[in-house]
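Student: Prediction below, plus the sequence it came from.
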Amino acid sequence: CVQDKRSLVQSSAKDSESFIKEYYYRIFDSSRHEVHCFYSESSVVIWNGTAYQGLQALTEFLRALPSTSHVVHTMDSHLITGPNQSILISVAGTVSYAGGPDKIFSQVFILSRGADSKYFVMTDFFRFM
């Protein structure tokens, strides 16, 4: 039983690192029109205290942002076990908007499994520090 849990935790850590380092910020910075693919209609994004729910609201918000360049300085993830296995990911880094000065940010994602058993971003909290 302990070995099964350890294997799940290691697998979720690898999935989280891949999501952050290989996909999310790379696509956000270079192909932002595709970022909505990580979310679902029930997803909630809270960006510096302002909430956006649903794909249309999120797409409109993302379209209005200037070009970005993210650098991840640290990340951590934790498996949330239960009937709907989820992964909590916390990220800290810097972001530059339209070539401006770097701003320090913190972002927390909760990835949940959808009906197709694939992970999607259920909740996304972004905050400038």
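Tutor: Everything's here; your move. Residues are numbered from 1 along each chain as shown.
Student: SS state for Phe126?
Tutor: Reduced to three states with DSSP: H, G, I helix; E, B strand; the rest coil, the structure at Phe126 is strand.
Student: how about the helices of this protein, start to end?
Tutor: Assigned by DSSP state H, the chain shows helices spanning 2-18, 25-30, 55-64.
Student: Put together JSON lines for those, with mean neighbour count, distance to Arg127 and mean pLDDT on each row.
Tutor: In short, each C-beta sits where N, CA and C put it, glycine included. Formatted as JSON lines, the helices of the chain follow (neighbours: other C-beta atoms under 10 Å; distance: least, C-beta to C-beta, whole Å; pLDDT from 0 to 100):
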{"stretch": "helix 2-18", "mean neighbour count": "13", "distance to Arg127": "19", "mean pLDDT": "70"}
{"stretch": "helix 25-30", "mean neighbour count": "16", "distance to Arg127": "16", "mean pLDDT": "96"}
{"stretch": "helix 55-64", "mean neighbour count": "14", "distance to Arg127": "15", "mean pLDDT": "94"}
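Student: of all these, which lies closest to Ala92?
Tutor: In terms of C-beta to C-beta, the element of these nearest to Ala92 is helix 25-30, at 12.4 Å.
Student: hang on, the earlier thing: could I get the helices of the chain as TSV with distance to Asn48?
Tutor: Converted to TSV, the helices of the chain look like this (distance: least, C-beta to C-beta, whole Å):
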stretch	distance to Asn48
helix 2-18	23
helix 25-30	16
helix 55-64	11
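Student: so which of those helices gets nearest Pro83?
Tutor: helix 2-18 (14.3 Å).
Student: which stretches of the chain aren't confidently modelled?
Tutor: Along the chain, the model assigns pLDDT under 70 to residues 1-10.
Student: go again using 90 as the cut-off
Tutor: For the chain, the stretches flagged by pLDDT under 90 are 1-15, 21, 79-85, 113-119.
Student: Which residue ranges of it form strands?
Tutor: Applying DSSP state E to the chain gives strands spanning 39-47, 50-53, 68-80, 86-97, 103-113, 119-128.
Student: Let's have those in TSV, adding mean neighbour count and distance to Phe28.
Tutor: Output for these, formatted as TSV (neighbours: other C-beta atoms under 10 Å; distance: least, C-beta to C-beta, whole Å):
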stretch	mean neighbour count	distance to Phe28
strand 39-47	17	12
strand 50-53	13	15
strand 68-80	15	6
strand 86-97	18	9
strand 103-113	17	10
strand 119-128	17	11
